[in-house]
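Novice: pasting a predicted model and its sequence here:
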Amino acid sequence: MKEHKITDWLPVSREEMEKRGWDEVDVIIVSGDAYVDHPSFGGAVIARILEDEGLRVAILPQPNWRDDLRDFKKLGKPRLFFGVTAGCMDSMVNHYTAFRRKRSDDAYTPGGQAGFRPDYASIVYSNILKKLFPETPVILGGVESSLRRTTHYDYWSDTLKPGILEESKADLLVFGMGDQSIRQIARALQQGKTIQEVNDIPQTAFYVSSSKTLPQPEGWENLELPSHEQCTSSRKHFGEHFKLLEEDSNMLKQKRLIQKVGKRLLVMNPSAGPMNPDEMDASFELPYTRLPHPRYAKRGVIPAYEMIRFSVNIHRGCFGGCSFCTISAHQGKFIVSRSEKSIMEELKKIAELPGFKGHISDLGGPSANMYRMVGADLKKCARCKRPSCIYPMQCPNLQTDHGPLIRLYQKALSVPGITKVTIGSGIRYDMLVNKTDAADQQNHYGAYIRQLVLHHVSGRLKIAPEHTADGVLKLMRKPSFKNYYAFHTLFHRISREAKLNQEIIPYFISSHPGCRQEDMAHLAVETKKLDMRLEQVQDFTPTPMTLSSVMYYCGFDPYTGEKLVVARSIEDKQSQNRFFFWYKKENRQWVLSAMRAFKIKF
């Protein structure tokens, strides 16, 4: 077992810089999260990539923005740039519930303590840095900036906001998974280019004067979006803005998007495209300690770290296309999988970690069972704009063989020191049920279910039907609840035959656009029929750059123009949420009264 030195982590203080013999650094990463040196934490990934480029990199985690700003000055001025991220979550989602109540905890802070990052953290950090170091470039990245890169609905202020570069005053934005783009930016700046000259790198966004002629790299096509002013003056224009943005983001080869904002142009360069397995492996094989920085030793555990401490991410991306989800908007629709060799090497490292007791808590990704699933003919994928490869029906070009995943699970159990592997991330059960015998034999659906249920459930399996009403599920881009019934039956039959006491933990959402009180009443009936005492539920939160948030703001589906019922008031949202808890004594009379009003037998 390796004994770590303080210099195994990237420096977070002057003292740690001096221990490395550094009097200055090339890049400082400012983050709203505590510093956990692990491939699941984006700030650490970008920092390690820049280190791999030969740069001196320091991290400024959760700086105090309320005092004399000494935290922002203590590491000095970086030679190349400041990188700013709000952390692994949008800071407003991190801070507030769907009912706009302040959360009392923060999973990315030692001890789970709230209050160590500001609202709109990327904007606050960037403004401070531009004030203190006006000549030093500031580059935004991470989920918050990525999903707010252009005109977006902000639920917490109930307004349409311009792209985050406007309020943050930052110089450049990297959107999506920025592994490759940040390397190119670093190389360009190292070669002496100014930040204004770094304008041809994929997956970056920046402002230029509307009078400026943009260079046109070979093979790039431009697509103009409705202006910010058009979006704020017309919900129809905002809906069209989202459609163009989403359809382009679903393409294998994307366009350069241009939006007029006042007298300037917001330019969003096309995606770099999916990484290849070698690039993906390289990102995960950087010299992470896989541990929180020692400075937190006396402050308590970091809940988000504890959750993924002994887990392994095997792929990025998600082709599910759910209306309310930000995963495909940030990570992309196309699956990028790690090699089996890389995954096995990481498992061996985990088996040697202090505190490891043999249990791998997850071997998954955004959706656990999409490993190595890509289009058979990528030429067909290149022409496709569908947001989902499996809704409303599975694309015949999609390869969904679960055989490689079964073999990976089995090999993981052969690693010395590993005695159990469970799947903690959710699975897309609709890919596994109601299949023909031929499809089942070819793609190992039934074999995967048996492998999963018999060997990889830690008592409870997470899946996400989200709702029971077909009309609501259609707006969510989720399959019929009939698929859940089929999986539920199989899961419990296999568990019962093996004498395993296991249960399914389903996730549901209330108050999604288009969801009525009556739909929630029917949900209560269905869950009662299955004797579900729901725990994992949430009220819909409109998050930037999702179809659901656009439907919430506009009051209609931008693709069809269909007008939608939208629960906007806290009272309406709370009423919908109460139907989840029909089994609680304090809700009994209220639920029965609602059922009588809807003439529903309960």
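Specialist: Sure, I can see it.
Novice: in contact with the closest residue to Asp557 other than its chain neighbours, which residues are there?
Specialist: Among residues not flanking Asp557 along the chain, Met551 sits closest, at 5.8 Å (C-beta to C-beta, 6 or more residues apart in numbering). Backbone N, C-alpha and C define where each C-beta goes, glycine included. By C-beta atoms under 8 Å, 6 or more residues apart in numbering, the residues touching Met551 are Ser323, Leu475, Pro513, Gly514, Asp557, Pro558, Leu564, Val566.
Novice: just name the closest of the residues you listed to Leu245, please.
Specialist: Pro558 (10.6 Å; C-beta to C-beta).
Novice: burial count for that closest one?
Specialist: Look at Pro558: counted by other C-beta atoms under 10 Å, it has 19 neighbours.
Novice: A helix includes the residue nearest to Asp557, no?
Specialist: Yes. With DSSP: H, G, I helix; E, B strand; the rest coil as the criterion, Met551 is located in a helix.
Novice: now the contacts of Met551 in CSV, with pLDDT and distance to Cys395?
Specialist: Formatted as CSV, the contacts of Met551 follow (pLDDT from 0 to 100; distance: C-beta to C-beta, whole Å):
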residue, pLDDT, distance to Cys395
Ser323, 98, 18
Leu475, 98, 21
Pro513, 98, 26
Gly514, 98, 25
Asp557, 98, 22
Pro558, 98, 23
Leu564, 98, 27
Val566, 98, 31
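Novice: now, the residues you listed that are in strands?
Specialist: Using DSSP state E, the subset of the contacts of Met551 located in strands is empty.
Novice: what would the residues you listed look like in CSV with distance to Met17?
Specialist: Conversion of the contacts of Met551 to CSV gives the following (distance: C-beta to C-beta, whole Å):
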residue, distance to Met17
Ser323, 46
Leu475, 52
Pro513, 50
Gly514, 54
Asp557, 53
Pro558, 50
Leu564, 54
Val566, 52
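Novice: compare these and tell me which is most surrounded.
Specialist: When neighbours are counted by other C-beta under 10 Å, Pro513 leads the contacts of Met551 with 27 neighbours.
Novice: would you point out which residue is most central in the protein?
Specialist: The structure's the chain has its C-alpha centroid closest to Ile327; by C-alpha atoms, centre = their mean the separation is 4.2 Å.
Novice: wait, that one touches Pro366, no?
Specialist: Yes. With contact defined as C-beta atoms under 8 Å, Ile327 reaches Pro366; the gap is 4.6 Å.
Novice: thinking again about what came up before, pLDDT score for the residue nearest to the centre of the chain?
Specialist: For Ile327, the model assigns a pLDDT of 93.
Novice: give the contact list for it.
Specialist: For Ile327, the contact set (C-beta under 8 Å, 6+ apart) comprises Gly317, Cys318, Gly320, Pro366.
Novice: find residues that contact each of Ile327 and Pro366.
Specialist: Taking C-beta under 8 Å, 6+ apart as the contact criterion, the common neighbours of Ile327 and Pro366 are Gly317, Cys318.
Novice: and the contacts of Met551, which of them are in helices?
Specialist: Taking DSSP state H as the definition of helices, the contacts of Met551 contribute Leu475.
Novice: closest one of the contacts of Met551 to Glu246?
Specialist: If you rank the contacts of Met551 by distance to Glu246 using C-beta to C-beta, Pro558 comes first, at 9.0 Å.
Novice: just give the nearest non-adjacent residue to the closest one, would you?
Specialist: Excluding the flanking residues, the one nearest Pro558 by C-beta to C-beta, 6+ apart is Gly239, at 3.1 Å.
Novice: is the one you found in contact with Thr560, as I believe?
Specialist: No. Using C-beta under 8 Å, Gly239 is not in contact with Thr560, being 10.3 Å away.
Novice: wait, Gly555 sits on Phe238?
Specialist: No. Using C-beta under 8 Å, Gly555 is not in contact with Phe238; the gap is 11.2 Å.
Novice: of those two, who's got more company?
Specialist: Phe238 (23 against 14).
Novice: which one of the contacts of Met551 is nearest to Thr232?
Specialist: Minimum distance to Thr232 across the contacts of Met551 is 15.7 Å, recorded for Pro558 (C-beta to C-beta).
Novice: what separation do you get for the closest one and Ser234?
Specialist: Counting by C-beta to C-beta, to the nearest Å, the gap from Pro558 to Ser234 is 12 Å.
Novice: equivalent analysis for Phe556, please.
Specialist: 12 Å.
Novice: next one: Asp430
Specialist: Separation of Asp430 from Ser234 (C-beta to C-beta) stands at 36 Å.
Novice: ok, these two, which is more surrounded?
Specialist: Using other C-beta under 10 Å as the criterion, Asp430 and Ser234 rank with Asp430 on top: 21 against 14.
Novice: quick one: the strands in the stretch 301-450 of the chain?
Specialist: For the stretch 301-450 of the chain, the strands defined by DSSP state E, counting those that start in this stretch cover 311-313, 315-316, 336-337, 359-360, 362-364, 420-421.
Novice: would you turn the ones you listed into a markdown table with distance to Thr400, mean neighbour count and mean pLDDT?
Specialist: Output for the strands of the stretch 301-450 of the chain, formatted as a markdown table (distance: least, C-beta to C-beta, whole Å; neighbours: other C-beta atoms under 10 Å; pLDDT from 0 to 100):
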| stretch | distance to Thr400 | mean neighbour count | mean pLDDT |
| --- | --- | --- | --- |
| strand 311-313 | 20 | 21 | 97 |
| strand 315-316 | 14 | 24 | 96 |
| strand 336-337 | 13 | 23 | 96 |
| strand 359-360 | 24 | 18 | 98 |
| strand 362-364 | 16 | 22 | 96 |
| strand 420-421 | 21 | 20 | 98 |
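Novice: Throw those strands into JSON lines and include distance to Pro78, thanks.
Specialist: What follows is those, written out as JSON lines (distance: least, C-beta to C-beta, whole Å):
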{"stretch": "strand 311-313", "distance to Pro78": "29"}
{"stretch": "strand 315-316", "distance to Pro78": "28"}
{"stretch": "strand 336-337", "distance to Pro78": "30"}
{"stretch": "strand 359-360", "distance to Pro78": "38"}
{"stretch": "strand 362-364", "distance to Pro78": "35"}
{"stretch": "strand 420-421", "distance to Pro78": "41"}
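Novice: looking at the ones you listed, which is nearest to Pro137?
Specialist: Closest approach to Pro137 among these is made by strand 315-316 (27.2 Å; C-beta to C-beta).
Novice: direction included, what does the closest one pair up with?
Specialist: Here strand 315-316 has these sheet partners by DSSP bridges: strand 336-337 (antiparallel).
Novice: pLDDT weak spots in the chain?
Specialist: Within the chain, the ranges that satisfy pLDDT under 70 run 1-2.
Novice: per-domain residue ranges of it.
Specialist: Domain ranges of the chain: 6-204, 459-602, per automatic domain parsing.
Novice: out of the ones you listed, which comes closest to Ile350?
Specialist: Short answer: domain 6-204, nearest of the domains of the chain by C-beta to C-beta, at 10.9 Å.
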